[in-house]
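S.K.: Sequence below, structure please.
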Amino acid sequence: MRQKFEKFMQGRYGIDHFSRFLLVGALVCILLSGLLRASALNYVSWILLIWMYYRMFSKNIRKRCEEERMYMDTKEKVIRFCKGDKSVISDSKTHKIYRCPHCRQKIRVPRGKGKIEITCPSCRSKFIKRT
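M.R.: Residues are numbered from 1 along each chain as shown. Coordinates of the predicted model:
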């Protein structure tokens, strides 16, 4: 039986990170539909499972690789965004963040200094802001 399944899967895409994400999303929808008694979540979970199996058994490997790359890029952007917000929140009491009006680079300056002239480290332009 195992040999038959391996022969069937030859030339097919298989499971990747995006497929695992779809599976976890389907399981979460199933659990939430049981807790909330929402039948719409059952339909969403079925759609996610069908999409996962379609990707897994697909022979269009190039298209599935492109979808995986897009998923990984989006995941990386979300992770980078979440990590960036932590530092801004932790420094918000002691520092203020401004953007350079010319090159749009973020500049961190200490709070409580009054009106100060800020020099952008990348383009060397100067602007005045209140801290």
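S.K.: who touches the host helix or strand of Ile30?
M.R.: Here Ile30, judged by DSSP states H and E, is contained in helix 17-36. With contacts defined as Cβ atoms under 8 Å, 6 or more residues apart in numbering, helix 17-36 is touched by 38-42, 44-46, 48-49, 51-52, 55-56, 67-68, 71-72, 75. Any C-beta I mention is one placed from the backbone N, CA and C, and that applies to glycine too.
S.K.: again with stretch 78-98
M.R.: Lys106, Ile107, Arg108, Val109, Pro110, Arg111, Ile118, Lys129, Thr131.
S.K.: of the contacts of helix 17-36, buried ones?
M.R.: Leu41, Val44, Ser45, Leu48, Leu49, Met52, Arg55, Met56, Glu67, Glu68, Tyr71 (16 or more other Cβ atoms under 10 Å).
S.K.: picking up where we left off before, show me the contacts of stretch 78-98 that map onto strands.
M.R.: Here DSSP state E is the test, and those give Lys106, Ile107, Arg108, Val109, Pro110, Ile118, Lys129 as lying in strands.
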